[in-house]
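> no sequence for this one, just the structure:
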Ligand code: FE2
């Protein structure tokens, strides 16, 4: 079975193809973020222009034609409304024209399942960290099989927090990954640390870090911000690990590309005789393959959807999705 997935939650328009779980194509175009960040309607226009090209590249990479596709997945949410709508439009057009069943996929579940599949893990504790999201999840079977959210950010995602700081500190390009480079060899200054049980908040930390730029070097503030934010995430994850007694940890989402976060979580995992599994970067950055992987699981489990359910939902929560596989 061959499944095509379309991802368009934010700056990335991605098309991936999997053949019975094996990823055979994963192509994308990324909106180049400048000093103003992302203006959703502008990013959506960029995706519109690039969609046909990315689709063709993915089909070429897989050596397939569109008529070879058995199912299509698109990202229903969470994400930026106009960007999600472009993905739905593209997926729906192909689905209607070639009569291919269409599956609405949750973005977070895409990140989780593609990592589980890569390492053959069945039931991990998940730390999902990206621009817009930061959550600790794990499968529960009651009242229905779903990813329960054990803890999450009360305000912004850790990725957006780092990106916002980068813009304020005039770090170019304004990405969390660039903050990590600036932070090398920085010294620690104290910043607010807020964990409530397994939940956390980042806006207070961001404001304090921005203020600290007046009296400290960018390097020291960047280092301290990263250490504080990742320590908060690691502490909350450790608490969830003790509560759930899960045997494996999956770290996924855009911020899972951070070497420092991997290292911190790895040391916690080691002290509890568990392991942290992290996908290669191309699967942690937003991509179409992860949407294809989930759509295939949904299709094989017998899920089918009427046309009226083909919508987008900017606040589509992972814990509202019934896991049928
Ligand atoms: Fe993502």
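Done, it's in. Being a predicted model, the structure only gives us computed values, none of them experimental.
> Make sure residue 6 is indeed in a strand.
Yes - the assignment for residue 6 by DSSP: H, G, I helix; E, B strand; the rest coil puts it in a strand.
> Looks like it contacts residue 89 (just checking).
No - look at residue 6 against residue 89 with C-beta atoms under 8 Å: they stay out of range, at 9.6 Å. The way it works is simple: take the backbone N, C-alpha and C, and place the C-beta from them, glycine included.
> between those two, who's got more neighbours?
Shown here are residue 6 and residue 89; by other C-beta atoms under 10 Å, residue 6 has more neighbours (31 against 18).
> got the contact list for residue 209?
Counting by C-beta atoms under 8 Å, 6 or more residues apart in numbering, residue 209 makes contact with 165, 191, 221, 224, 225.
> Put together CSV for those residues, with pLDDT on each row.
Listed next are the contacts of residue 209 as CSV, based on pLDDT from 0 to 100:
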residue, pLDDT
165, 97
191, 98
221, 98
224, 98
225, 98
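> Would you mind giving these as TSV with secondary structure and distance to the ion added?
Output for the contacts of residue 209, formatted as TSV (DSSP: H, G, I helix; E, B strand; the rest coil; distance: C-beta to the ion, whole Å):
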residue	secondary structure	distance to the ion
165	helix	19
191	coil	26
221	helix	26
224	helix	26
225	helix	21
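> element containing the residue of the stretch 201-325 of the chain found nearest the ion, please.
Ranked by C-beta to the ion, the top residue of the stretch 201-325 of the chain for proximity to the ion is residue 286, at 4.4 Å. Assessed by DSSP states H and E, residue 286 sits outside every helix and strand.
> Quick check, it in contact with residue 6.
No - when contacts are counted by C-beta under 8 Å, residue 286 is not listed as touching residue 6 (11.2 Å).
> list residues touching both of the two?
Common contacts of residue 286 and residue 6 (C-beta under 8 Å, 6+ apart): residue 14.
> so residue 223 sits right up against residue 191, yeah?
No - with contact defined as C-beta under 8 Å, residue 223 does not reach residue 191; the gap is 10.4 Å.
> which one of the two has more residues nearby?
Comparing residue 223 with residue 191 by other C-beta under 10 Å, the one with more neighbours is residue 223, at 23 against 19.
> Just say helix, strand or coil for residue 105.
Going by three-state DSSP: residue 105 is strand.
> tell me the contacts of it?
Contacts of residue 105 by C-beta under 8 Å, 6+ apart are 5, 73, 74, 75, 76, 291, 294, 295, 298.
> Residue 272 against residue 238, yeah?
Yes - at 7.4 Å, residue 272 counts as touching residue 238 under the criterion of C-beta under 8 Å.
> Going by how many neighbours each has, rank the two and give me the top one.
residue 238 (18 against 14).
> how near is the more buried one to residue 174?
Look at residue 238 and residue 174: by C-beta to C-beta, to the nearest Å, they are 30 Å apart.
> next one: residue 277
Counting by C-beta to C-beta, the gap from residue 277 to residue 174 is 29 Å.
> Now the spatially most central residue of the chain, what are its backbone angles?
Centroid check for the chain by C-alpha atoms, centre = their mean gives residue 253 as the closest residue, at 3.4 Å. Main-chain torsions, residue 253, degrees, to the nearest 10: phi 100, psi 170.
> Check residue 278 too.
Backbone torsions of residue 278, given as degrees, to the nearest 10, read phi -130, psi 130.
> Please name the nearest non-neighbouring residue to it.
residue 251 (4.8 Å; C-beta to C-beta, 6 or more residues apart in numbering).
> In terms of secondary structure, what does the strand or helix carrying residue 91 contact?
Using DSSP H and E, residue 91 falls within helix 81-98. Counting by 3 or more C-beta pairs under 8 Å, 6 or more residues apart in numbering; DSSP states H and E, the packing neighbours recorded for helix 81-98 are strand 2-7, strand 12-19, helix 40-62, strand 71-77, strand 102-106.
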